[in-house]
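> Need the 3D shape of this:
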Amino acid sequence: MTPATMNMDPTEAATPPAPGRTPAARAAVRDIVLLVDDVPQSLGALQSELETEGYTVLVAASGEAALQSLDLVTPDMVLMDALMPGLSGFETCRRIKAHAAWAHIPVIFMTGLSETTHIVEGFDAGGVDYVVKPVQAQEVRARLATHLRNARAVRMAREALDVGGHGVVVVDTRGRTAWQSPRARQWLAEFLPDAPAAAQAGWLDGAKATCALPGPDGRVLVARRLGDIGMGESMWLLDVQAGGEAAPSRLATASLTPRETEVLSWIAKGKTNRDVGDILGLSPRTVNKHLEHVFEKLGVETRAAAAALASRELGPQVR
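Purely as a prediction, here's the structure:
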């Protein structure tokens, strides 16, 4: 890892540089790419090429090191060697996809394996693509740009659902949960507390336009089928209908502590962590810890979603 890479603020990640972009413009917006290879020196030329093109490049020499890196920085893309000592690239990818905060990261495998079984294993593990070693920098750049663009579009759509507080579930051809918004995850955990996450979509009948799931407290979870979205997957919009009484607000049922409520209120007013810390006499790190608990309790994943929810439900208190 170069000194420049180590000092890069991961929040600066943005769109990949377009052809002809000036060096100054490239320095202003940088996507982060994590290269994972047990012989990282073999990727020196690729690393240099990507850095020249405006990417911030991080390097990990093993699957274990890659997972440790993800605890510190969330990259926009992972280029992963398929065969490594210890955790293989396939197993590392499975662990990345099993982690809610990392599952959205596209993984491209770099491999000398060209057998169909190996290629299929890579896709089954959650990879979006693969390149054959020795890698060609021009080919990698083209694939990176395409997958980053697609991942960004998906992320923006999911963040829009998150901010709006919508409960959305995507079900695969086997009736398993392929993806769910934070709100949907919360509702399904409430109505099906004993069901494994992958099996929580079992009550959705693709032959029907709407399905209903009664809850023990008199509420009903209603799902409306929005249609197919490709590859045999279907999308459902969830809503909870209260039995006789208005459903309590998300803030009312979130069990926020007084301090968490204070932090959320100031965040909704547009204050930074440092601002909130100065106001409440806390360190920015402590503010961030409170926010992590707030996100979990509210069933959201982003700061914008929490702020929008607070503005909607607290009203004048945050203005």
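> residue contacts, residue 147?
Applying CB atoms under 8 Å, 6 or more residues apart in numbering, we find residue 147 in contact with 77, 106, 108, 128-129. Any C-beta I mention is one placed from the backbone N, CA and C, and that applies to glycine too.
> So residue 32 versus residue 75, what's the distance?
From residue 32 across to residue 75, the span is 4 Å (CB to CB, to the nearest Å).
> actually residue 234, not the one I typed
31 Å.
> Counting neighbours around each, name which of those two comes out higher.
The residue with more neighbours, out of residue 234 and residue 75, is residue 75; 23 against 20, by other CB atoms under 10 Å.
> just to confirm, which helix or strand has that one in it?
Using DSSP states H and E, residue 75 falls within no helix or strand.
> thought it was touching residue 107?
No: counting by CB atoms under 8 Å, residue 75 sits too far from residue 107 to count as a contact (10.0 Å).
> Walk me through the domains of the protein.
3-161, 165-241, 250-318 (automatic domain parsing).
> can you redo these as JSON lines with mean pLDDT?
Below are the domains of the chain laid out as JSON lines (pLDDT from 0 to 100):
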{"stretch": "domain 3-161", "mean pLDDT": "78"}
{"stretch": "domain 165-241", "mean pLDDT": "81"}
{"stretch": "domain 250-318", "mean pLDDT": "81"}
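> My reading is that residue 289 lies in a helix. Confirm?
Yes: judged by DSSP: H, G, I helix; E, B strand; the rest coil, residue 289 forms part of a helix.
> distance of it from residue 118?
Residue 289 is 42 Å from residue 118, by CB to CB.
> Neighbour-wise, which one of the contacts of residue 147 leads?
residue 77 (25 neighbours).
> That residue bridge partners, please.
Beta-bridge partners for residue 77, by DSSP bridges, are residue 33.
> What residues does it make contact with?
Contacts for residue 77 were tallied using CB under 8 Å, 6+ apart; they are 31-34, 105-108, 144, 147-148, 151.
> same thing with residue 99?
When contacts are counted by CB under 8 Å, 6+ apart, residue 99 touches residue 70.
> center of this protein, which residue is that?
The centre of the chain sits closest to residue 104, judged by CA atoms, centre = their mean, with a distance of 4.0 Å.
> helix, strand or coil for that residue?
Residue 104 is classified as coil under three-state DSSP.
> was I right about it contacting residue 152?
No: the pair formed by residue 104 and residue 152 falls short of the contact definition of CB under 8 Å, at 10.0 Å.
> can you map out the strands along the stretch 51-200 of the chain?
56-60, 77-81, 107-111, 129-132, 167-171, 177-180 (DSSP state E, counting those that start in this stretch).
> Many thanks, we can stop here.
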